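>>> structure for this input, please:
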Amino acid sequence: MEMPLTGIRVVDLTRLLPGAYCTQLLADLGADVIKVEEPGTGDYMRLTPPLVDGQSVLFNAINRRKRSIALDLKTDRGHQALLRLVETAAVLVEGNRPGVMDRLGIGWEVLHKRNPRLVMCSITGYGQDGPYASRAGHDLNYMAIAGGLGLNGTRDGPPVPLSVQVADIGGGGLGPAVQILAALVGVERGSEGRWIDVSMTDGAVGALALAFAAQAAGERVARGDQRLAGRYPCYRVYACGGGGYYSVAALEPKFWKALCQALDRADLVELQYSEDLAVQGTMEEIFASMTRDQWEERLSSLDACCEPVLDLDEVAKHPQIVARRLLEPRPQGRAPQLGEHTEELLREIGL
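Reported below is the predicted structural model:
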């Protein structure tokens with residue numbers, strides 16, 4: 001079946017999560033993603049446990065439907081093969097530190113001259129300029145500098161790493177995918193290709209737009225004490241009796257009123273946005289009075305934005321996840337073995 005990006009070739013020089021997630025989004029839309037890897041070692045996410053049949057399940061999760069070619073870009077043959085691939089491509093995505101592509105002889109000026117319609121996207125931790133441009137880092141560091149890590153946790157506790165890599169996936173995956181698609185539209189309208197400078201730290205800062213706006217307006221924004229992170233009783237996570245937790249996100253007055261009525265606590269209706277910790281304490285006592293399953297039975301039919309907090313091994317059984325078939329095996333194909341398509345691709349480019 002033809003898909004929106006059928007016929008669009010993407011050359012992927014990235015490793016690990018951010019770039020792979022970005023090109024996976026493009027592959028899922030039908031792009032022919034060519035993963036260029038170093039012979040013998042390849043993307044070292046391939047060996048990140050747990051392994052199944054000698055290859056990481058983490059690698060497999062974000063590299064399906066791609067083809068792999070093993071090229072040593074430091075050799076003339078590998079260098080020429082990449083340039084021939086670029087001639088056939090619409091997009092090249094890379095994740096090296098600034099300057100590495102130029103040292104390899106495949107920087108923007110060279111690639112743009114070879115293929116003026118090419119869109120090149122460079123995904124780095126801090127961008128192509130600034131004092132941190134060449135500094136090593138990972139998602140935790142980008143979130144730390146952006147301020148997101150400092151806001152995550154309880155009021156009296158230390159910053160807690162997020163369980164989802166926001167900078168990697170949002171700033172280094174989804175964000176550049178959108179920019180690449182926009183650049184492709186520009187090319188289709190007659191523009192030349194362009195070089196996209198993506199910084200994961202930039203993306204993390206952008207994700208905090210509301211927090212920065214609130215702070216600039218004089219509102220208190222602190223760890224465990226924000227509008228959507230523990231300040232109000234209507235938007236919190238509550239521990240249930242016997243273990244387990246329940247999420248309450250009754251921000252709108254109609255939802256909060258419905259919840260208070262279901263709890264037989266009409267006296268709390270006017271305290272929706274109270275900052276008195278005693279009100280939170282009252283809600284904590286209420287939810288601690290029953291188990292999570294009992295609360296689910298009582299609140300599941302209520303239209304009030306309240307849902308149980310699921311553990312990972314419970315997600316696949318949730319009726320909405322089942323209905324949307326989110327965790328079923330995908331039909332799009334498996335992830336490639338290292339260099340699996342080398343000969344095939346070399347033939348395609350006449351080498």
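
>>> residues in a beta bridge with the residue nearest to Pro49 when sequence neighbours are not counted, which ones?
With sequence-adjacent residues excluded and distances taken as Cβ to Cβ, 6 or more residues apart in numbering, Pro49 is closest to Ser56, at 6.9 Å. Every C-beta, even on glycine, is put in place using the N, C-alpha and C of the backbone. Beta-bridge pairing of Ser56, defined through DSSP bridges, involves Leu51.

>>> can you map out the strands along this structure?
For the chain, applying DSSP state E gives strands covering 9-12, 32-37, 51-52, 55-56, 67-70, 91-94, 119-124, 195-199, 235-239, 245-249, 306-308.

>>> those into TSV, with extra columns for mean neighbour count, distance to Gln80 and mean pLDDT?
Converted to TSV, the strands of the chain look like this (neighbours: other Cβ atoms under 10 Å; distance: least, Cβ to Cβ, whole Å; pLDDT from 0 to 100):
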stretch	mean neighbour count	distance to Gln80	mean pLDDT
strand 9-12	24	14	98
strand 32-37	24	13	98
strand 51-52	11	34	94
strand 55-56	20	29	96
strand 67-70	22	13	98
strand 91-94	26	15	98
strand 119-124	25	18	98
strand 195-199	21	22	98
strand 235-239	17	56	96
strand 245-249	18	55	97
strand 306-308	18	55	97
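
>>> which of these sits closest to Glu344?
For the strands of the chain, proximity to Glu344 was assessed by Cβ to Cβ; strand 67-70 is nearest, at 7.4 Å.

>>> ok, that closest one: who's next to it in the sheet?
Strands that pair with strand 67-70, judged by DSSP bridges, come out as strand 32-37 (parallel).

>>> got a list of what Glu94 touches?
Counting by Cβ atoms under 8 Å, 6 or more residues apart in numbering, Glu94 touches 13-14, 19, 101, 120-123.

>>> any idea how far the residue nearest to Ala262 when sequence neighbours are not counted is from Phe255?
Nearest in space to Ala262, with sequence neighbours left out and distances taken as Cβ to Cβ, 6+ apart, is Leu302 at 5.3 Å. Applying Cβ to Cβ, to the nearest Å, the value for Leu302 to Phe255 is 9 Å.
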